[in-house]
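> here are the coordinates; sequence isn't available:
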């Protein structure tokens, strides 16, 4: 059984907030439970895992329609499932991925079992989410190729052909 790591942080005039640093969840008693106690610094794959766990605890999900999502992204912003406002490739202070990122990590090929969402998250050494707009462009190109059943796509930044996560997974090697 893993050890729990707790930290106490002050929240403006509301007193201390307690955060489980391993689970990344606020363990404060109501009414402060939903306040962003402290930013949770995690990677994209972990944010996707946490978001899907959040969906399970909060009766599923209701993603934004494609027009709303496109409008948010064109403004350089996006909402998370808990309504936090972040950049499209970022996670919120609670550790949830943005709706844009959640939807870009869904693999729905015809006739194949979908890959787990975390398998569709590029390693930050290969594609750094801090690249902002470039990251969004590359992830959108990857997502289109997945949905179209393509083996790869032309990277919008480098112009090189890149294989999709589905192609690499099905091959078993890079």
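Now that the structure is in, tell me what you want to look at. Just so it is clear, the structure is predicted and the values come from calculations on it, not from any experiment.
> Poorly predicted segments of this structure, please.
Scanning the chain for pLDDT under 70 picks out the ranges 1-41, 107-111, 174.
> which helix in it runs the most residues?
If you go by DSSP state H, the chain has its longest helix at helix 133-148.
> which helices and strands does that helix pack with?
Counting contacts by 3 or more C-beta pairs under 8 Å, 6 or more residues apart in numbering; DSSP states H and E, helix 133-148 packs against helix 99-104, strand 152-154, helix 165-171. For every residue, glycine as well, the C-beta is placed using N, CA and C.
> nearest to residue 62, of those?
Closest of the helices and strands packed on helix 133-148 to residue 62 is helix 99-104, at 9.9 Å (criterion: C-beta to C-beta).
> Strands along the protein, start to end?
Along the chain, counting by DSSP state E, strands occupy 6-10, 16-20, 25-26, 78-79, 85-86, 152-154, 161-163.
> how many neighbours does the closest residue to residue 118 other than its chain neighbours have?
In this structure, residue 118 finds its nearest non-sequential neighbour in residue 45, 4.5 Å apart by C-beta to C-beta, 6 or more residues apart in numbering. By other C-beta atoms under 10 Å, the residues close to residue 45 number 19.
> Please name the residues that touch residue 167.
Each residue near residue 167 by C-beta atoms under 8 Å, 6 or more residues apart in numbering is listed here: 151-152.
> center of the protein, which residue is that?
Relative to the mean C-alpha position of the chain, the nearest C-alpha, by C-alpha atoms, centre = their mean, is the one of residue 97, at 3.1 Å.
> For residue 148, see how far away that residue is.
Counting by C-beta to C-beta, to the nearest Å, the gap between residue 97 and residue 148 amounts to 23 Å.
> what separates the longest helix of the chain from the chain centre, distance-wise?
What separates the centre of helix 133-148 from the centre of its chain is 14 Å, taken as C-alpha atoms, centre = their mean, to the nearest Å.
> Can you verify my assumption that residue 88 contacts residue 101?
Yes: counting by C-beta atoms under 8 Å, residue 88 does reach residue 101; the two are 6.7 Å apart.
> Between these two, which contacts overlap?
Residues touching both residue 88 and residue 101 (C-beta under 8 Å, 6+ apart) are residue 78.
> ok, those two, which is more surrounded?
residue 101 (28 against 24).
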